[in-house]
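# return a 3D structure for these sequence lines:
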Amino acid sequence: MATEPSFPFPDVPPATVPVSARRPDLRERLHLRLQRHVRSEAFRPALTVVGFRGNDTDVVRHGVDRPEDAVLELVLPSRYSAVGVLASSIVATPPARTRRDAALAIGVPRSGPVISLLATSEQVIDTKEPQGWLIDACLRSVGRPTAPCQIPALEFPIALWLDRLMVAILNAPSTAPVAWDTAIRLCPVPGRWRSDDPVDLGRTLGSTTESWAALRSAAAQGSRSPVGVSPERARWMDDAMFARWCMGSFPDLASLRGDVAFLAPPTVAEHIEIALRAAWLAFSG
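Below is the predicted model of the structure:
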């Protein structure tokens, strides 16, 4: 029986999309914008907000004098699929902790992972686990919640009290150091509940501390203005960002506590420590 001759079929490579026709992803586009930012701003203090839509990238806001105002309270228009922020930064290189100028780029889509890049004069690197108020602000600009807050609410009135005490201590003349009566007056508890007894004062501080949600709600309604947060800004934030923003207005709490203990008169410092321990017991229990 006759058969059809057999001819080998040539291998056909799978169809590929030319690189020029492929839409660059958010990371690639953010990388390009970061390089342009470094060239144009030359690491000067500035903050640029961009919006990504299709293949286009638009400058949405730009801030120089008060760079943070460019991104705080931003609501990204719906035509954009992601927001990007490019800002000046500083890096410290171990072991000598030499400080160098840098630029930071953050990209946050409406859903999906956050991208964070850092550029120096030598290279652009992908940072790991980005965090900070800029990340919070970008997330809020696209309507996403920020990372959960791990800061106990009691840390805020304690920081407020210790900060007030530091100001009083540093401004007090050497002939009239800060007294316990002054410390009582500066404690952020209702006046009618203030007590000369440090244990009672601490218990009141711990038991009257409001949650972050309650404090933000009061700020949003205009009845409270912690660290100068406006009602509009408080409404734009979520509870976790609000907490981190408030605590970011103070030095590290452990350092602040140590400074007060070192600089206050011994008796005053001892009473403050007693009050703080009582406050944490009341807050926890």
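# next up, the contacts around the residue nearest to residue 168 when sequence neighbours are not counted.
Closest residue in space to residue 168, ignoring its immediate chain neighbours: residue 178 at 5.1 Å, by Cβ to Cβ, 6 or more residues apart in numbering. Every residue, glycine included, has its C-beta placed from N, CA and C. The neighbourhood of residue 178, defined by Cβ atoms under 8 Å, 6 or more residues apart in numbering, consists of 165, 168, 169, 172, 264, 265, 268.
# of the residues you listed - the most surrounded one?
Neighbour counts for the contacts of residue 178 peak at residue 264, which has 25 neighbours (criterion: other Cβ atoms under 10 Å).
# wait, it touches residue 165, no?
Yes. If you go by Cβ atoms under 8 Å, residue 264 and residue 165 touch, sitting 6.9 Å apart.
# find residues that contact each of these two.
Joint contacts of residue 264 and residue 165 (Cβ under 8 Å, 6+ apart) are 178, 183, 272.
# quick one: which of these sit in strands?
Under the assignment DSSP state E, the shared contacts of residue 264 and residue 165 contribute nothing to strands.
# in helices, which of the residues you listed fall?
Using DSSP state H, the members of the shared contacts of residue 264 and residue 165 that fall within helices are 183, 272.
# can you tell me which of the shared contacts of residue 264 and residue 165 is closest to residue 86?
Residue 86 has its nearest neighbour among the shared contacts of residue 264 and residue 165 in residue 272, at 43.5 Å by Cβ to Cβ.
# wait, what's in contact with that closest one?
162, 165, 183, 198, 260, 261, 264.
# can you check residue 226 too?
156, 215, 219, 246.
# turn those residues into JSON lines, including distance to residue 49 and secondary structure.
Converted to JSON lines, the contacts of residue 226 look like this (distance: Cβ to Cβ, whole Å; DSSP: H, G, I helix; E, B strand; the rest coil):
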{"residue": "156", "distance to residue 49": "29", "secondary structure": "helix"}
{"residue": "215", "distance to residue 49": "28", "secondary structure": "helix"}
{"residue": "219", "distance to residue 49": "24", "secondary structure": "helix"}
{"residue": "246", "distance to residue 49": "23", "secondary structure": "helix"}
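# got the residues you listed as JSON lines, with neighbour count, distance to residue 226 and pLDDT columns?
JSON lines is the format used below for the contacts of residue 226 (neighbours: other Cβ atoms under 10 Å; distance: Cβ to Cβ, whole Å; pLDDT from 0 to 100):
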{"residue": "156", "neighbour count": "23", "distance to residue 226": "7", "pLDDT": "97"}
{"residue": "215", "neighbour count": "22", "distance to residue 226": "6", "pLDDT": "95"}
{"residue": "219", "neighbour count": "23", "distance to residue 226": "6", "pLDDT": "95"}
{"residue": "246", "neighbour count": "24", "distance to residue 226": "5", "pLDDT": "95"}
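# adding distance to residue 230, write those residues out as TSV.
Formatted as TSV, the contacts of residue 226 follow (distance: Cβ to Cβ, whole Å):
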residue	distance to residue 230
156	18
215	14
219	8
246	13
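# farthest pair in these?
Maximum distance among the contacts of residue 226 (Cβ to Cβ): 11.7 Å, for 156 and 219.
# nearest residue to the middle of the protein?
residue 133 (1.9 Å; Cα atoms, centre = their mean).
# tell me the spacing between that one and residue 53.
Distance, residue 133 to residue 53, using Cβ to Cβ, to the nearest Å: 25 Å.
# what of residue 138?
16 Å.
# ok, residue 114 next?
In terms of Cβ to Cβ, residue 114 sits 19 Å off from residue 53.
# who's more crowded, these two?
residue 114 (18 against 13).
# how many neighbouring residues does the residue nearest to that one when sequence neighbours are not counted have?
Nearest residue to residue 114, sequence neighbours excluded (Cβ to Cβ, 6+ apart): residue 108, at 5.3 Å. The local packing of residue 108 (other Cβ under 10 Å) involves 28 other residues.
# could you list the buried residues of the worst-scoring helix or strand of the chain on mean pLDDT?
Lowest on mean pLDDT, DSSP states H and E among the helices and strands of the chain sits strand 82-93, with a mean of 82. Using 16 or more other Cβ atoms under 10 Å as the burial criterion, the residues of strand 82-93 that qualify are 82, 83, 84, 85, 86, 87, 88, 89.
# which residues in the stretch 51-200 of the chain form strands?
56-63, 82-93, 98-109, 115-119, 124-126 (DSSP state E, counting those that start in this stretch).
# give me the mean pLDDT for the shortest one.
Which is strand 124-126. Strand 124-126 comes out with an average pLDDT of 86.
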